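Q: What shape does this take:
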Amino acid sequence: MLELLAFISWLLGLYTYVIIAAAVFSWLYAFNVINAGNDIVSAIGRFLYGVTEPVLRPVRNVLPNMGGMDLSPIVVILGIYFIRFVVIPNIARALI
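A: Next up, the predicted model:
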């Protein structure tokens with residue numbers, strides 16, 4: 001069971017990096033740093049959007065409008081850190 005908790009923690013850490021990559025990609029896309037017409041760039045953008053949007057959309061709906069500033073990735077990353085460093089270790093301690 002501890003190995004499963006470690007694997008879940010690893011997956012949550014990986015998802016944190018995916019959220020950061022999606023946020024950076026959206027900034028690069030918004031400021032026309034990357035070519036949106038490129039097929040590879042478009043595929044990467046669709047992948048990042050498809051993977052992160054199901055988690056970020058409910059958080060965006062709850063947060064108030066910040067005038068173009070999207071704080072949902074920060075809120076989700078803080079939630080992931082809480083799960084990884086508070087919830088999972090307490091579950092592991094309870095199992096030992």
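
Q: contacts and neighbour counts: CA atoms only from here.
A: Noted.

Q: count of neighbours near residue 72?
A: Residue 72 has 19 neighbours, counted by other Cα atoms under 10 Å.

Q: most centrally placed residue in this structure?
A: Residue closest to the average C-alpha location in the chain (Cα atoms, centre = their mean): residue 19, at 3.0 Å.

Q: The host helix or strand of it: what's the following helix or strand?
A: Here residue 19 is covered by helix 2-30, with elements defined by DSSP states H and E. Downstream of helix 2-30, the first helix or strand assigned by DSSP H and E is helix 39-62.

Q: so how far is residue 27 from the residue nearest to the centre of the chain?
A: Distance of residue 19 to residue 27, given as Cα to Cα, to the nearest Å: 13 Å.

Q: cool, and residue 39?
A: Here the criterion is Cα to Cα. By it, residue 39 lies 18 Å from residue 27.

Q: When those two are compared, which one has more neighbours?
A: When residue 39 and residue 27 are compared for neighbours, residue 27 comes out ahead with 13 against 10, by other Cα under 10 Å.

Q: what's the helix holding residue 19 packed up against?
A: Counting contacts by 3 or more Cα pairs under 8 Å, 6 or more residues apart in numbering; DSSP states H and E, helix 2-30 is packed against helix 39-62, helix 72-82, helix 88-95.

Q: what helices or strands is the second one leaning on?
A: The criterion is 3+ Cα pairs under 8 Å, 6+ apart, and the helices and strands that helix 72-82 contacts are helix 2-30, helix 39-62.
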